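Trainee: predicted structure and sequence below. I'll ask about it afterward.
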Amino acid sequence: MAIKAIMCDIDGTLLSSKGYVTDKTVEMIKKAREKGILFGLSTGRDVNSIQTLLKDWHIDGLVDLIVGTGGAEIYDYTLNISKAQYPLDGESIKEIIEHFKDMDCNFAITENGIIYAPKDDEYIQFLSEADHIPYKVVNYDEYLTKPKPKLMIICKPDYMDRIIERAQTFKSDKFKSSSLKTASDLYEYMDPHISKTAGLIEILKLHDIDIKDILTFGDADNDYDMTLNAGIGVVMANGSEKTKSAADYITDDNDHDGIGNYIEKYVLHLD
C-alpha cells in the first residue's frame with residue numbers, strides 16, 4: 001500500500017526511555033517526509049504541552065499533524081487548524097472522583113500545558129516530572145465549573161488492578177463516560193466519543209486521507225483502536241499484549257529504534 005501518513009504514539013513508542021527520539025528514528029522520519037509522507041503524533045498528551053517539548057524531543061519542525069488528549073484535540077501544522085471536541089462535563093468528573101475518593105490515588109487534568117490536581121502528593125509530582133509539564137494544585141469544586149478534556153487517575157502500578165476493579169462499579173444516571181488503563185500508573189476517563197481513531201479520522205479528513213492509508217505506531221492499551229483501524233498498525237516490542245493482538249507487525253522496542261527500523265525496512269523501500 002502507498003502510505004500517506006505516519007502517526008505515532010509518544011510515550012513508550014516514539015520516545016526512548018531517555019526522553020527523546022533517537023538519531024536513527026529522526027533520520028528515518030526526515031526521509032519519509034521527503035517522500036511526501038505526512039508525519040504526526042497521536043497521544044494522550046495535550047497539544048499545548050506537546051508543542052513546547054518538540055525541540056527537547058529532537059523532532060522540532062518534523063511534525064505535520066497532532067492528535068492530542070487521546071483524540072479530543074487536533075492540530076494541523078500544514079494548514080494551521082486546531083480543534084477541540086467532546087470534553088467531559090465537570091459534574092461528571094466530580095462524580096467519578098467521588099467514586100474513587102477513598103483510594104490511594106490522585107487525580108489530574110492536563111489543560112493548556114499545565115497539569116491541574118486537587119492535592120499535592122508523590123503521584124502528581126511524578127507525573128509532572130515524567131511528562132516534563134508543570135502542575136498546579138487547585139480547588140476542583142471551582143475548577144470543574146466548565147467541561148474538561150479528560151480525567152486521569154494516578155496510582156502505583158501495583159495498585160492499578162484495584163483501580164480497574166473499582167472502575168467497573170462506576171455508573172452515572174446523568175452523564176456518559178468511557179475509561180481505560182493508558183499506562184502502568186494511569187487510568188483515564190473521557191467522553192465516549194473520544195478515541196485516537198476518532199481524532200485521526202478528523203484530522204485526516206483535512207487532507208482527504210483515509211485511515212486505511214496510514215501507518216501507526218503504538219504500545220499501550222489506548223493505542224489498540226488505532227492499531228486495529230489503521231491500514232498498517234505496528235506495535236512496539238514493549239507494548240501491551242492487548243494492543244499487540246491487533247498489530248499487523250511487532251517492531252523493536254522504543255530503546256532500539258523500533259520506529260526507525262520499521263520505516264527504513266518497509267516504508268522507504270515502498271513505491
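Mentor: All right, it came through fine. Residues are numbered from 1 along each chain as shown.
Trainee: got a list of what the nearest residue to Pro87 once chain neighbours are set aside touches?
Mentor: With sequence-adjacent residues excluded and distances taken as C-beta to C-beta, 6 or more residues apart in numbering, Pro87 is closest to Pro147, at 3.5 Å. C-betas here are computed from N, CA, C, even on glycine. The contact partners of Pro147, taken as C-beta atoms under 8 Å, 6 or more residues apart in numbering, are 87-90.
Trainee: what does Tyr224 give?
Mentor: Residues counted as contacts of Tyr224 (C-beta under 8 Å, 6+ apart) are 218, 240, 242-243, 246.
Trainee: ramachandran coordinates for it?
Mentor: Backbone dihedrals for Tyr224, given as degrees, to the nearest 10, come out at phi -60, psi -50.
Trainee: about what we covered before: ok, now how distant is the residue nearest to Pro87 from Asp158?
Mentor: In this view, Pro147 and Asp158 are 33 Å apart by C-beta to C-beta, to the nearest Å.
Trainee: do the same with Gln168
Mentor: From Gln168 across to Asp158, the span is 18 Å (C-beta to C-beta).
Trainee: right, and Pro87 touches His193 too?
Mentor: No - counting by C-beta atoms under 8 Å, Pro87 sits too far from His193 to count as a contact (10.4 Å).
Trainee: run the chain-centre distance for the least confident helix or strand in the chain by mean pLDDT.
Mentor: Lowest mean confidence among the helices and strands of the chain (mean pLDDT, DSSP states H and E): strand 178-183, at a mean of 92. Between the centre of strand 178-183 and the centre of its chain there are 11 Å (C-alpha atoms, centre = their mean, to the nearest Å).
Trainee: buried residues in it?
Mentor: Buried residues in strand 178-183, counted by 16 or more other C-beta atoms under 10 Å: 179-183.
Trainee: still on that earlier bit, for the contacts of Tyr224, pick the one with the most neighbours.
Mentor: For these, the largest number of neighbours (other C-beta atoms under 10 Å) sits with Gly218, at 32 neighbours.
Trainee: which residues does the spatially closest residue to that one that is not a sequence neighbour contact?
Mentor: Distances taken as C-beta to C-beta, 6+ apart put Asp9 closest to Gly218, at 4.3 Å, once the chain neighbours are dropped. Neighbouring residues of Asp9 by C-beta under 8 Å, 6+ apart: 41-43, 216-220, 223.
Trainee: from Lys265, how far off is Asp9?
Mentor: Asp9 is 20 Å from Lys265, by C-beta to C-beta.
Trainee: torsion angles phi and psi at the closest residue to Asn106 other than its chain neighbours?
Mentor: Nearest residue to Asn106, sequence neighbours excluded (C-beta to C-beta, 6+ apart): Tyr123, at 4.1 Å. Torsion angles at Tyr123 (phi, psi; degrees, to the nearest 10) stand at phi -70, psi -50.
Trainee: my guess is Tyr123 contacts Ile154, does it?
Mentor: Yes - using C-beta under 8 Å, Tyr123 is in contact with Ile154, at 4.1 Å.
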